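In: Quick one, what's the 3D model for this:
(2 chains)
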2 protein chains.
Amino acid sequence: MKVDGKEMRPIWFDRASKTVQVIDQRFLPHELIIESLNTVDDVIHAIKEMVVRGAPLIGATGALGVYVSLVRKNNDGADNEYFEGECNRLKDARPTAMNLFRGVNRVRDAVLKKIDYDARVKAALAEALAVVEEEVLNCQQIGRHGFSIIEDISRKKGGQSVNILTHCNAGWLACVEYGTATAPIYMAFDHDIDVHVWVDETRPLNQGARLTAWELGKHGIHHTVITDNAGGHLMQHGRVDLVIVGTDRTTRAGDVANKIGTYLKALAARDNNIPFYVALPSSTFDWGITDGIKDIPIEERDPDEIRYVQGLCHGKVQTVLVPPEMSPAANPAFDVTPARLVTGFITERGVCNATERDIMALFPEKRIG
Amino acid sequence: MKVDGKEMRPIWFDRASKTVQVIDQRFLPHELIIESLNTVDDVIHAIKEMVVRGAPLIGATGALGVYVSLVRKNNDGADNEYFEGECNRLKDARPTAMNLFRGVNRVRDAVLKKIDYDARVKAALAEALAVVEEEVLNCQQIGRHGFSIIEDISRKKGGQSVNILTHCNAGWLACVEYGTATAPIYMAFDHDIDVHVWVDETRPLNQGARLTAWELGKHGIHHTVITDNAGGHLMQHGRVDLVIVGTDRTTRAGDVANKIGTYLKALAARDNNIPFYVALPSSTFDWGITDGIKDIPIEERDPDEIRYVQGLCHGKVQTVLVPPEMSPAANPAFDVTPARLVTGFITERGVCNATERDIMALFPEKRIG
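Out: Sure, this is the predicted structure:
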């Protein structure tokens, strides 16, 4: 997507230097810093420390990470034991992200089909780039399918602005292009539908206030930053027409793991009869599990992410300590929204209800037995 | 309550200087600053800018503000027109706080019963201090009634720690002593019941992280700061036994206006069968209204309260800008939790269900007709 008129992605492969380049999202919106990922440790650091974040982008980064694990080695240093170890290290970098396992495994499998070192490196790069481009195509399709939901509401409102609430950042910064939750919004905007986005700031790391607001602003989309606390009140007063969020992992029955606080928005949407959609490429489904609350492990992150808030102070990105120095904090990073609270899924294949039956109807190849 | 071993209140009258003294809560937990309120403008500034905050404390401050409006005048300068004007200015300082209207009106009425200037000043001080002491007694009674709810859960858990979630600060800093939501917690702790408090940080002004955590920590109560997003997840996993919050204004039918985000916690508590109590002195009831969502005006505060976050940086209290400079923000400060989501009210007279019938049974003098 465009940043100050220039096409940009959050990750790309630089052929000249044979390096993976990423936007360091930790410093947005105040500083736009580009990093090279030269080693597997760099890639793991980028995923763990949220230099890159968002399920699809983590998947793409993991996929390119497999290539990185090979390209700096030679035949001797890149035996299967080493290679499998590096793939496992990559997969362990973030526990909730389904796309990471999938992205890494897919490139790993392509590599293991080859014997020769050079063929392996070539296969790793080709497969990783295929993963990246598929993410782009998926998001484009999600945009198309979600577009009709927004178009429909706009028509019902006689062309009045459609107010969409989103939580966290499931935008192009979290993917590669378009985003998941934002893809229908970008498409609606580009088709001259009047849209306005309520951007949940999304504590603790403020991905909404920092990243979604930045993305939407750069694209010229009308948006307003709100606290995570405000959505329920806005819904009670008819000021939200639609909620669209992304997901890090979704069960075959439709339970949705997403950034902590998503569940609260889903409850409020249900209480006020507001449609609550989850936009996702099907790579985010975990076909092996049904009960999200029981079966999805929730990452507990560093409590300092809550205690310290980062922002611009006297022209520099700095952090401030909010609670008393001595007060402990707990930082569960995700929660699970039960399928019963989800109006529907917007996938690359189309929109479906949040039931196992309807998900299986869209993805029949995933039926069991 | 105690701060570093010394008894302290958030507001007191200094007889020597005839001034009202308050803790400037904007700089807690990092700096403990005491301010004198010497003029009505000082009092209004303190209420508007949240030097003092919390419904009962705002009521007490407004009551003492009426005294301040008289004490620096003389007979000539304190005619009824001036006096009524000052009372109205005080009442307008915060729109949601019921206790402010009530505290100001009560002292105003006591003043207007007297003709002589000196008698008016004396009456104002006596009535204002009576308001303050009644807040203390009310909170003590709320503590006693709420204590049995916690004691009961502790017994059912065989003495295991009772996990209580609270939103915002309805502690002694918001009142004068004990607090409202915290009064049962302090009492349980003082009776050696094992309690642990989940402290919602409470964006945008972080009264939970800054004030509730500070209060509880100073009293030695085990607590953990969490984001406002986390409560639903903790409830889903059985890690919350009870929610207690305060309120700024509650209708006769039991709809509760409280800090933005309270409604979301009430929805999550209901979804997980967790008791959700509201602790309040009956002065917080607005006996004239029934439908909170329709009839309680919600204060829209400065969007910069969202955009800038305050904390300690290099030993100094500073603010950092979080979202992009160009992104607008909206800051509704309260929301309304419908009575249907409230398990009960903990008042100075006892505990009751959140229905008009049961509230009226406890406050029969408020029956209409």
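In: gap between residue A:237 and chain B?
Out: 8 Å (Cβ to the nearest Cβ, to the nearest Å). Heads up, the C-betas are built off the backbone N, CA and C, glycines and all.
In: could you pull out the helices for chain A?
Out: Remark: helices assigned in chain A by DSSP state H are A:40-48, A:55-71, A:80-91, A:98-112, A:117-156, A:183-190, A:207, A:213-219, A:231-236, A:262-271, A:292-295, A:304-307, A:356-362.
In: now these in a markdown table, with mean pLDDT?
Out: Compiled in a markdown table, the helices of chain A are given as follows (pLDDT from 0 to 100):
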| stretch | mean pLDDT |
| --- | --- |
| helix A:40-48 | 97 |
| helix A:55-71 | 94 |
| helix A:80-91 | 94 |
| helix A:98-112 | 94 |
| helix A:117-156 | 97 |
| helix A:183-190 | 97 |
| helix A:207 | 97 |
| helix A:213-219 | 95 |
| helix A:231-236 | 98 |
| helix A:262-271 | 98 |
| helix A:292-295 | 96 |
| helix A:304-307 | 98 |
| helix A:356-362 | 97 |
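In: Identify whichever of those lies nearest to residue B:255.
Out: helix A:231-236 (10.9 Å; Cβ to Cβ).
In: thinking again about what came up before, can you add mean neighbour count and give the helices of chain A back as TSV?
Out: Converted to TSV, these look like this (neighbours: other Cβ atoms under 10 Å in any protein chain shown):
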stretch	mean neighbour count
helix A:40-48	19
helix A:55-71	28
helix A:80-91	17
helix A:98-112	23
helix A:117-156	19
helix A:183-190	24
helix A:207	27
helix A:213-219	23
helix A:231-236	25
helix A:262-271	26
helix A:292-295	16
helix A:304-307	19
helix A:356-362	16
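In: Which one of these lies nearest to residue B:53?
Out: helix A:231-236 (18.7 Å).
In: so how far is that closest one off the chain centroid?
Out: Counting by Cα atoms, centre = their mean, to the nearest Å, helix A:231-236 is centred 24 Å from the centre of its parent chain.
In: Show me which residues of the stretch 251-369 of chain A are close to chain B?
Out: A:259-261, A:263-265, A:267-268, A:271, A:293, A:298, A:303, A:306-313, A:318-332, A:334-336 (Cβ under 8 Å from any Cβ of the partner chain).
In: among the residues you listed, which ones are buried?
Out: Among these, those classed as buried by 16 or more other Cβ atoms under 10 Å in any protein chain shown are A:259-261, A:263-265, A:267-268, A:271, A:293, A:298, A:303, A:306-313, A:318-324, A:327, A:329-332, A:334-336.
In: Can you get me the start-to-end distance on stretch A:25-35?
Out: End-to-end distance for stretch A:25-35: 10 Å, by Cα to Cα, to the nearest Å.
In: do stretch A:85-96 as well
Out: Counting by Cα to Cα, you get 20 Å between the two ends of stretch A:85-96.
In: next one: stretch A:318-332
Out: Stretch A:318-332: ends 24 Å apart by Cα to Cα.
In: on that earlier part again, looking at the helices of chain A, which is nearest to residue B:282?
Out: helix A:231-236 (25.2 Å).
In: which other helices and strands contact that closest one?
Out: strand A:162-166, strand A:195-200, helix A:262-271, helix B:262-271, strand B:334-337 (3 or more Cβ pairs under 8 Å, 6 or more residues apart in numbering or on different chains; DSSP states H and E).
In: Of all the ones you listed, which one comes closest to residue B:127?
Out: Closest among those, once you apply Cβ to Cβ, is strand B:334-337, at 28.1 Å.
In: The closest one - contacts with which helices or strands?
Out: helix A:231-236, strand B:256-259, helix B:262-271, helix B:292-295.
In: Check the spacing between the nearest residue to residue A:182 once chain neighbours are set aside and chain B real quick.
Out: Take residue A:182 and drop its neighbours on the chain: the residue closest to it by Cβ to Cβ, 6 or more residues apart in numbering or on different chains is residue A:171, 4.1 Å away. As for residue A:171, its distance to chain B is 13 Å (criterion: Cβ to the nearest Cβ).
In: need the contact list for residue A:171.
Out: Under the criterion of Cβ atoms under 8 Å, 6 or more residues apart in numbering or on different chains, the neighbours of residue A:171 are A:54, A:179, A:181-182, A:211-212, A:215-216.
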